[in-house]
Each structure stands twice: as structure tokens, then as C-alpha cells.
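*Asks:* With the input below, show me the fold.
(2 chains)
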Amino acid sequence: MLVLAIDTALAACSAAVLDTGRGAIVGRESLPMVRGQAEVLMPLIARVMAQAGVDFATLDRVAVTVGPGSFTGLRVGISAARGIALAAGKPAVGLSTLASFAAPHIAADDTEPVVAAIDARHEHVYLQVFGPEGRTLVSARIAPLREAIRAAATGAARVTGTAAELIAAAWPPGQPPPALIDARACPDIDWVARLGAAASVSQGPPRPLYLRAPDTQPQDAARLPRR
Amino acid sequence: MLVLGIETTCDETAAAVVEWRGDARGGILSNVILSQTAEHEVFGGVVPEIAARAHVEAIDHVIAKALADAGQSLDRMDGIAAAAGPGLIGGVIVGLTTAKAMALVTEKPLIAVNHLEAHALTARLTDGTPFPYCLFLASGGHTQVVAVRGVGDYVRLGTTMDDAIGEAFDKTAKLLGLGYPGGPQVEQEAKRGNPSRFALPRPMLGRDDANFSLSGLKTALRLEAERIAPLSDQDVADLCASFQQAVADVVLDRLRAGLKMFRERTGAPTALVAAGGVAANQTIRKALHRAAFEVGTALVVPPPELCTDNGAMIAWAGAERLWLGLTDPLDFMPRARWPLEEVRGWDKAAATIQRK
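*Replies:* As a prediction, the model looks like this:
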């Protein structure tokens, strides 16, 4: 199976091609960037496809991170994935950034918990806790940092994601310390591709996982009284 | 020549397939519009984040439907056009990125279209209007008088110093507790109102330039309304009628100035062309007729569904640009702000060299 993986949800613009038959990543590029993915992504995908020696017609699917992350960033990635899927007639699948952060650690050892956490600013984090065999112990959510720590401090967990240091620094003193702190600015695109190969295509097209409602209020203040 | 057009700059998710035949006017093979009005209604205006969220969920389905309605496959397209601005950047990014992805896969040219340029060229799609003509573009986001001299050759003669006309209608509707979008609601109320009951100002009247200012009128309306609140049904109707008449008077005066500037700079226009949702207002339409009649030119108003935001106008502008070889790279930057004067034209570089 040939999988094109795309990630623009956090502080990078990344793409890779996984060839599961050869068990190898055959093309890859990842550029750190906070914004500007909308300009950089498409030429980057073209380079990765050329490096892999693969054309779109021979792809089996497109995988993309759907969040949580930067609202704009994840819409860039999802628009690209769904646009490629439409034009190439291939399915697209969505993966969460939290699962992508956790995947390499679960693959290395699936007996101890993994905490994936992304900084959501204003003392909040996006959080998911994975237990034995990668099962979800705490589902993906946004939580105040203090609440997140309570959910995360389950034994000698491994902590990963953009908020790994934030979580580790606030770890409760009574608990065994984290077994590993793996702070990363973005998921490893190789693991996005691998998760993408394993994902089910029957879930429909990838949709953003915002975990946060739009910041807006209905406005009736201006309205004058009627008789 | 067939071009797919994608529009996501405000609260319509739209796509269309248009045929360019090289003669007078174009053919619309399909024109799919998914309106988000219901999502924004409770807020009394377009909420950018809500708009962006709706676009990303819908655009690929809308494009697929546009191709299916046209009875065409993507392979048959000669180019893929998307509005790359100006507009709400979250939505622009969704439409432009989708277009880039499709262009990358199919190896077809990408045309990054200026949304205002698409409005400006719509009269050529519907009526084959030859250059040069005078454009009056008035919507919820834009109010401009433009000399359209060629593809990529636009001279702005006037614009609004503050609110767009459609925005002023929306705010009036909100103040008076009418629904959203406000334009049709205000027009409906105005039908049984007295347009001369309230003496509202006509800002900018008699000035030589063709600029608009709506905020003073809006404030005057609010003060009048507050003075007599609580409002009866007749009060609301009279306020709407007085407001609408003031806007129509301003439009006529500003277009007189704009058409005078046009004649001085470019000669006689082939037509006065209206675009944007405001042109659907019948009282304002009368002012447009009068402005055109006074200078002996034709008034061209595309049908309502092509006056408001749509994919066909993007596809058409894309086709006009593609014919001239004006295509864009896949790293084209989406733009929240993009004045018409900054649109690249095929002859601008050559003209600049000649002037030197």
C-alpha cells in the first residue's frame, strides 16, 4: 500500500510517502514553521512525491492529521488531503495529532501509559491518555492544565507532545515521575503515515477535530425596543 | 475552454464549471452554491471562524456536484480557478488549498482569482460587455466604483471610507430587530414606509471624487430611532424607507461623480455595470438606471444569482486570465486584503517599460 501523509496541524509543514510493501518511508520532507503552510505545502508534496518516485494515480490513500492544533493549520492539511482525494479518486483518512504523538511510544512499549498533550494556550492543554495496548484511558479533550495533570499522573507515564514539558513541570510531587518526557513541536510524519495505513477508510472524509468551539457570542445588544 | 471555479471568501461555499468560447459571452455549465446564511443568522452577521469551519466540511462535495451537474470529468477542465482573496482568510485558505491540490494532482494550470475582479468581469460572462466599462460593486463587504479597462487593468474611482453599503443595511436591520441578511428585510419594510418622514443626511453629496461614507448615515438613523423608541411597526417601516432613500440618493450622486471621472480618464464607457447583492434592491436599481441614462450609457445588471458570490464568476475570471496565459504557481499566497489595482494584468509590465 502507498500512503501519502500530510501534517500541517502544528508548528511544521510535513509530508511523507509510506510504501507498506517495502516497509519503508520512500519520500519525506518536514519544515518547521508556525504559519505559511498554505503557501509551502503543495510544492513540498510535489517534491516528496518526486523523491518517492510515485505518482498520484498509484497512491492507495491520503492520510492527514485533523487536530487538535492550529485551526488554520489543520484546515490547510485537510483541504489539501480532501482536494487530492477528490482529484485522484482515492480515499482520505484523518488521524488525530494526539494519537500521532503517542504512536511511537505505544509501539515501543504498550504496557505503560502514554500521555499526549498539546499546548492550547491560556493554561489549557489538549490531552489524551493511552493505557495498556494503546487503549484510550482519557479521551481527547481540552482541559485546564491543573485538571490535565490529575488525569495524566497515572503511574510512571511517558509524556509526549508540544505540552510535554508543561505537563512534566507541573507533575504532582507525590506521584512517580514521568518515565520519559518527549517534547516535540509536531508529530513524526512517518508515524502519521503508518497510522494512516492502518486506519479504516469507512469513516468518511477527514474532518477537523477542533475540541474548542468558535469564540463568538450571539449579538442582540444593538437592537432597539419595539412597542 | 472549460474552467472549474471555486469561491469561499465569505459565507457561500460555491463551485461552477464555465465554458469560454472565445466569442461574445460565456456558457455556465453548472453553478452550485451552498449558503451558510442559517449558521450566521443568530449572530446577525458572518462569523469568520464559523464560515471557515463550514467551508472545509463542504467544498469538495460542492466541487464534485459542480462537475456532475456540468456532466464533465475533472480531466476535461483546462484550468482550475479559485478566489485567492480578498475576503475572510480562513475560508480563502480552504478554497485556494483545495484548488492547488487538484491542480497538483491533475497537472492543470491554477488560476488564483481576485474576488473583486471576478465580480468586475461577470458582465462579460452574462452580456459580453466590451471594455471599457464602469463597475459599481456594492455588497456586504465591498463598495467600489471601478473603471474596468481590460483583464487585469482596473482603476478604482471611488470606495467607501467606512462601512460597505450592504453592511449598513445589515446594521440597520439589526438595530431595528429585523432578520439577517438585512438588505432584503429593510427593502421589504421600506415598501410600506414613508421615505421622507426622517431627515437623514446624504454623506459626501456633491463631492468631486466618487467615494462613499455610510457611518454618519448609520449613526443618524440610530439617533432618530432611539429618539422615538419604543418603535411601532410603522416607525420601523418609515425608518427603513428613509434610510433606503438616503442610500439611493447617495448612490446616484456618487455614480454621477464616478461616471464623470470615467469619461475624463478613459472616455465613454460601454456600460454601467452593477455587481454585488445591493444591486438587487429596487430603489437602488432605479438610481442606477438614472445614472446610466443621464450619461447615455446602458445599465448591465447580471441576474441576482450571479450578482452575489458564486463560483461561475470565479471560473469565468479564471478563463479570461487563462486565455491570456495568466496562471499562478502552487505557492500563491492567500490574501485577506487584495486591492483591484494590485491584480496582475498581461500588458502591465510591457506598458510600464514603454512609459520608461
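*Asks:* Can you give me every residue that contacts A:Ala38?
*Replies:* Applying C-beta atoms under 8 Å, 6 or more residues apart in numbering or on different chains to A:Ala38 gives the contacts A:72, A:76, B:93, B:96-97, B:333-334. All C-beta spots, glycine's among them, are computed from the backbone N, C-alpha and C.
*Asks:* ranges for the strands of chain B?
*Replies:* For chain B, applying DSSP state E gives strands covering B:2-7, B:12-19, B:27-35, B:79-85, B:110-114, B:133-138, B:143-150, B:153-159, B:271-275, B:298-300.
*Asks:* can I get those in TSV with mean pLDDT and mean neighbour count?
*Replies:* As requested, those are exported to TSV (pLDDT from 0 to 100; neighbours: other C-beta atoms under 10 Å in any protein chain shown):
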stretch	mean pLDDT	mean neighbour count
strand B:2-7	98	29
strand B:12-19	97	27
strand B:27-35	96	19
strand B:79-85	98	29
strand B:110-114	98	27
strand B:133-138	98	28
strand B:143-150	96	24
strand B:153-159	96	20
strand B:271-275	97	27
strand B:298-300	97	18
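*Asks:* Save the ones you listed as JSON lines, and put in distance to A:Ser30 too.
*Replies:* What follows is the strands of chain B, written out as JSON lines (distance: least, C-beta to C-beta, whole Å):
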{"stretch": "strand B:2-7", "distance to A:Ser30": "28"}
{"stretch": "strand B:12-19", "distance to A:Ser30": "31"}
{"stretch": "strand B:27-35", "distance to A:Ser30": "35"}
{"stretch": "strand B:79-85", "distance to A:Ser30": "26"}
{"stretch": "strand B:110-114", "distance to A:Ser30": "24"}
{"stretch": "strand B:133-138", "distance to A:Ser30": "43"}
{"stretch": "strand B:143-150", "distance to A:Ser30": "43"}
{"stretch": "strand B:153-159", "distance to A:Ser30": "41"}
{"stretch": "strand B:271-275", "distance to A:Ser30": "44"}
{"stretch": "strand B:298-300", "distance to A:Ser30": "51"}
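*Asks:* of those, which approaches A:Pro68 most closely?
*Replies:* strand B:12-19 (23.6 Å; C-beta to C-beta).
*Asks:* quick one: strands adjacent to that closest one?
*Replies:* The pairing partners recorded for strand B:12-19 under DSSP bridges are strand B:2-7 (antiparallel), strand B:27-35 (antiparallel).
*Asks:* Dump those to CSV, plus distance to B:Gly71.
*Replies:* Shown next, in CSV, are the strands paired with strand B:12-19 (distance: least, C-beta to C-beta, whole Å):
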stretch, distance to B:Gly71
strand B:2-7, 11
strand B:27-35, 7
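*Asks:* Among these, which comes closest to B:Arg321?
*Replies:* Closest to B:Arg321 of those is strand B:2-7 (C-beta to C-beta; 9.2 Å).
*Asks:* How far does that closest one sit from its chain's centre?
*Replies:* Taking C-alpha atoms, centre = their mean, to the nearest Å, one finds strand B:2-7 lying 17 Å from the centre of the chain it belongs to.
*Asks:* got the angle between that strand and strand B:79-85?
*Replies:* Relative orientation of strand B:2-7 and strand B:79-85, computed by axes from the mean of the first three to the mean of the last three C-alpha atoms, to 10 degrees: 20 degrees.
*Asks:* where does A:Ile142 land in three-state SS?
*Replies:* At A:Ile142 the chain is in strand, as set by DSSP: H, G, I helix; E, B strand; the rest coil.
*Asks:* out of everything not next to it in sequence, what's closest to B:Ala64?
*Replies:* Residue nearest to B:Ala64 in three dimensions, not counting chain neighbours: A:Leu86, with 6.3 Å by C-beta to C-beta, 6 or more residues apart in numbering or on different chains.
*Asks:* burial count for that neighbour?
*Replies:* A:Leu86 has 22 neighbouring residues, counting by other C-beta atoms under 10 Å in any protein chain shown.
*Asks:* give me the residue from chain A nearest chain B.
*Replies:* As assessed by C-beta to the nearest C-beta, chain B sits closest to A:Gly83 within chain A, at 2.9 Å.
*Asks:* The nearest residue to that residue once chain neighbours are set aside and A:Glu123, how far apart?
*Replies:* Nearest residue to A:Gly83 in three dimensions, chain neighbours excluded: B:Ala101, at 2.9 Å (C-beta to C-beta, 6+ apart). Using C-beta to C-beta, to the nearest Å, one gets 36 Å for the distance from B:Ala101 to A:Glu123.
*Asks:* cool, and B:Ala103?
*Replies:* As judged by C-beta to C-beta, B:Ala103 and A:Glu123 stand 42 Å apart.
*Asks:* what do you get for B:Pro195?
*Replies:* Taking C-beta to C-beta as the measure, B:Pro195 falls 55 Å from A:Glu123.
*Asks:* Outline the domain layout of chain A.
*Replies:* Listed by automatic domain parsing, the domain ranges of chain A are A:2-96+A:187-198, A:98-182.
*Asks:* count of neighbours near B:Asp78?
*Replies:* For B:Asp78, the count of nearby residues is 16 (other C-beta under 10 Å).
*Asks:* Break chain B down into its domains, please.
*Replies:* Split by automatic domain parsing, chain B gives B:2-124+B:306-348, B:131-304.
*Asks:* closest one to A:Trp171 among these?
*Replies:* Of all these, domain B:2-124+B:306-348 comes closest under C-beta to C-beta, at 33.8 Å.
*Asks:* so where's chain A shaky on pLDDT?
*Replies:* Along chain A, the parts satisfying pLDDT under 70 run over A:217-221.
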